[in-house]
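Undergrad: coords please:
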Amino acid sequence: MTQNKIQPFTGGGVVLSNLFTHFPTENLFFLHRDKDYGLPEKYTEYYMHGGMLKVNMGLACKLLWQLLKKNQYLRLEGGLPGLIKLLIQSSCFRLPSRLDKKIKSFKPDVIYAWAGDALWARSIKIFAERYHIPYVIHFMDNQIGIEPDTVLEQVLYPEFKRCLGQSVERADMILTISDSMGKAYSELWQKNYRVFRGMIDITEWPLPKHKNSNKEFTLAFTGSIESGQLKGLRDVAEAVDYLSDHDISIRLVLYLTAEYEKLVREHFHDFRSIEYKPHPKFSELQAVLAEADLLVLAYGFDQATINYYRHSFATKIVPYMLSGTSILVYGPACIEPIDYVQRGGWASIVNDHGVDHLVSAILALQGDIDKRRQLAKRAYQAACEEHDLLTNASEFSELMTHIVQKSKHTSLNYSPRKNEI
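TA: Numbering: from 1, shown residues only. Predicted structure coming up:
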């Protein structure tokens, strides 16, 4: 039960493709909310549409009244879209009889689920009870501890936490995308956890040969750019402009989708040393990243960014590590992406806020190609040890089998990893 379906285009779909690599397709039944990518059907799937919602009108009226009370003159924040969202978050999925029969005929052993909002958190528990099967919840983002931005989110957040707590209490295990998330959530809910995050088939990403520096020292960034990353990347762009103004041949290349390029251009129009290029296909990604002298991972230092990324794991980290190019990481030490790099020791890190610190770090790396090569090799080795697709997919398959067997009260030889508590 996930918002995404298995597909090779978006982050969530790719994660699913990787995790279920070792599962026979005839053993998978997906309930999802993803669009049709025109992919050939390889497993049983069903699109969860709005007509399947069962609204709890009592809860909806309660939340609506809370929302109106928080707004001056009893105004409805968000208008009709806000009302629709409130109704959705007061609902659960109700399966049509024909789909219920399909699921019963399929005879599922276990549910793998995401719980990104109250609708999904509430429905997971209901479905597990209906089919009398165990389930795990995989947290793909930091769901807890982030202060809601809008009045509508402030009203909906307590109900989400309540539903999520009930679902986690019934779950057999939680899966997370970082150790810090796992430790925080297991302490909150007293649940065992396992970490499953970005993974790549390393057999398709051989370590590139050593290369010389480009005539124009090239920094590169690729992937998504949310507000916290935008703030950090702006400091990097300012540092690159400063070095360019002081006779250093340097540029910053941003490989972005059209949507992200539009966003960045609105905020970066005053920088002169930036070059925009289309985001490469995954099959071309390693070659594109290998062309750069330095890859950039950057975050802001404000409290909102810290809260958002405290337990998150950036999916771009893994292809960066396997690229054969050294990495410069800029951001506060207390967020997971930075802490993960610090624990591994395979990148150059700037934890101090300020363009001057970035300038010094970039200059030091530009003048030391041996250090860049050493860092790149260390990053590649760490990725092979921690992010190999086949290894992680095998461990995921073993874990799900263990959960099923445990629920049937049978024994199974199973050795938990060090991060399972």
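Undergrad: three-state assignment of residue 247?
TA: coil (DSSP: H, G, I helix; E, B strand; the rest coil).
Undergrad: Residue 109 too?
TA: With three-state DSSP as the basis, residue 109 sits in coil.
Undergrad: That one: neighbour count?
TA: Using other CB atoms under 10 Å, residue 109 has 16 other residues around it. All C-beta atoms are positioned from the backbone trio N, CA, C, and that covers glycine.
Undergrad: Could you do residue 325 as well?
TA: Neighbourhood size, residue 325 [other CB under 10 Å]: 26.
Undergrad: for the one 5 residues further on, same thing?
TA: When neighbours are counted by other CB under 10 Å, residue 330 registers 26.
Undergrad: Over to residue 197?
TA: Counted with other CB under 10 Å, residue 197 comes out at 24.
Undergrad: how about it, phi and psi?
TA: When read as degrees, to the nearest 10, the backbone of residue 197 gives phi -140, psi -150.
Undergrad: ok, and the closest non-adjacent residue to it?
TA: Closest residue to residue 197 apart from its sequence neighbours, by CB to CB, 6 or more residues apart in numbering: residue 177 at 4.2 Å.
Undergrad: confidence score at residue 317?
TA: Predicted confidence (pLDDT) for residue 317: 94.
Undergrad: list the contacts for it?
TA: Listed by CB atoms under 8 Å, 6 or more residues apart in numbering, the contact set of residue 317 reads 198, 297, 337, 340-341.
Undergrad: Then residue 244?
TA: Going by CB under 8 Å, 6+ apart, residue 244 touches 250-251, 272-273.
Undergrad: If we use 10 Å, what do you get?
TA: Going by CB atoms under 10 Å, 6 or more residues apart in numbering, residue 244 touches 216-217, 250-252, 271-273.
Undergrad: Write a PyMOL command that selects only the buried members of those.
TA: Of the contacts of residue 244, the buried ones go into a single PyMOL selection, burial set by 16 or more other CB atoms under 10 Å:
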select buried, resi 217+250+251+252+271+273
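Undergrad: So which of the contacts of residue 244 is the closest to residue 230?
TA: Among these, residue 271 lies closest to residue 230 (CB to CB), at 12.5 Å.
Undergrad: I'd say residue 293 and residue 252 touch.
TA: No: Residue 293 lies out of contact with residue 252 (CB atoms under 10 Å); the separation is 11.1 Å.
Undergrad: Now do the shared contacts for those two.
TA: By CB under 10 Å, 6+ apart, the residues touching both residue 293 and residue 252 are 218-220.
Undergrad: Looking at those, which one is closest to residue 97?
TA: Using CB to CB, these come closest to residue 97 at residue 220, 53.2 Å.
Undergrad: Verify the assumption that the closest one is located in a helix.
TA: No: using three-state DSSP, the assignment for residue 220 is strand, not a helix.
Undergrad: Pull the contacting residues for the one residue sitting closest to the centre of the chain.
TA: Nearest to the mean C-alpha position of the chain, counting by CA atoms, centre = their mean, stands residue 140 at 5.1 Å. Applying CB under 10 Å, 6+ apart to residue 140 gives the contacts 2-4, 11-12, 15, 114-116, 175-177, 196-197, 312-313, 315.
Undergrad: got the buried residues for stretch 219-236?
TA: So stretch 219-236, judged by 16+ other CB under 10 Å, has buried residues 219-223, 225, 228-236.
Undergrad: mind listing the helices for the stretch 151-300 of the chain?
TA: With DSSP state H, counting those that start in this stretch as the criterion, the stretch 151-300 of the chain has helices at 151-170, 179-189, 227-245, 258-268, 282-290.
Undergrad: Distance to residue 126 and mean pLDDT added to those, as JSON lines?
TA: Below are those laid out as JSON lines (distance: least, CB to CB, whole Å; pLDDT from 0 to 100):
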{"stretch": "helix 151-170", "distance to residue 126": "9", "mean pLDDT": "94"}
{"stretch": "helix 179-189", "distance to residue 126": "19", "mean pLDDT": "93"}
{"stretch": "helix 227-245", "distance to residue 126": "35", "mean pLDDT": "95"}
{"stretch": "helix 258-268", "distance to residue 126": "35", "mean pLDDT": "91"}
{"stretch": "helix 282-290", "distance to residue 126": "36", "mean pLDDT": "92"}
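Undergrad: out of the ones you listed, nearest to residue 350?
TA: Counting by CB to CB, residue 350 lies closest to helix 227-245 out of the helices of the stretch 151-300 of the chain; the figure is 9.2 Å.
Undergrad: Tell me how far that closest one lies from the chain's centre.
TA: Centroid displacement of helix 227-245 relative to its chain, using CA atoms, centre = their mean, to the nearest Å, is 24 Å.
Undergrad: so can I have TSV of the helices of the stretch 151-300 of the chain showing distance to residue 384?
TA: Shown next, in TSV, are the helices of the stretch 151-300 of the chain (distance: least, CB to CB, whole Å):
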stretch	distance to residue 384
helix 151-170	33
helix 179-189	19
helix 227-245	26
helix 258-268	29
helix 282-290	14
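Undergrad: Deepest-packed of those helices, please.
TA: Compared across the helices of the stretch 151-300 of the chain, helix 227-245 shows the largest average neighbour count, a mean of 20 (mean count of other CB atoms under 10 Å).
Undergrad: between it and helix 258-268, how many degrees?
TA: With axes from the mean of the first three to the mean of the last three CA atoms, to 10 degrees defining the directions, helix 227-245 sits at 60 degrees from helix 258-268.
Undergrad: oh, and call the first residue 22 from now on, that's how I've got it
TA: Sure, I'll start numbering at 22, so the last one becomes helix 248-266.
Undergrad: Output helix 248-266 as PDB, restricted to C-alpha atoms.
TA: Provided in PDB are the C-alpha atoms of helix 248-266 (Å, rounded to 0.1, in the frame of the first residue of the first chain):
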ATOM      1  CA  SER A 248      13.700  25.300  -0.100                       C
ATOM      2  CA  GLY A 249      16.400  24.100   2.300                       C
ATOM      3  CA  GLN A 250      18.700  22.900  -0.500                       C
ATOM      4  CA  LEU A 251      18.000  26.100  -2.400                       C
ATOM      5  CA  LYS A 252      19.400  28.200   0.500                       C
ATOM      6  CA  GLY A 253      22.600  26.100   0.700                       C
ATOM      7  CA  LEU A 254      23.100  26.100  -3.000                       C
ATOM      8  CA  ARG A 255      22.800  29.800  -3.200                       C
ATOM      9  CA  ASP A 256      25.800  30.100  -0.900                       C
ATOM     10  CA  VAL A 257      27.700  27.800  -3.200                       C
ATOM     11  CA  ALA A 258      26.800  29.900  -6.200                       C
ATOM     12  CA  GLU A 259      28.000  33.000  -4.400                       C
ATOM     13  CA  ALA A 260      31.300  31.400  -3.600                       C
ATOM     14  CA  VAL A 261      31.800  30.300  -7.200                       C
ATOM     15  CA  ASP A 262      31.000  33.900  -8.400                       C
ATOM     16  CA  TYR A 263      33.500  35.200  -5.900                       C
ATOM     17  CA  LEU A 264      36.300  32.900  -7.100                       C
ATOM     18  CA  SER A 265      35.500  33.700 -10.700                       C
ATOM     19  CA  ASP A 266      35.800  37.400  -9.900                       C
END
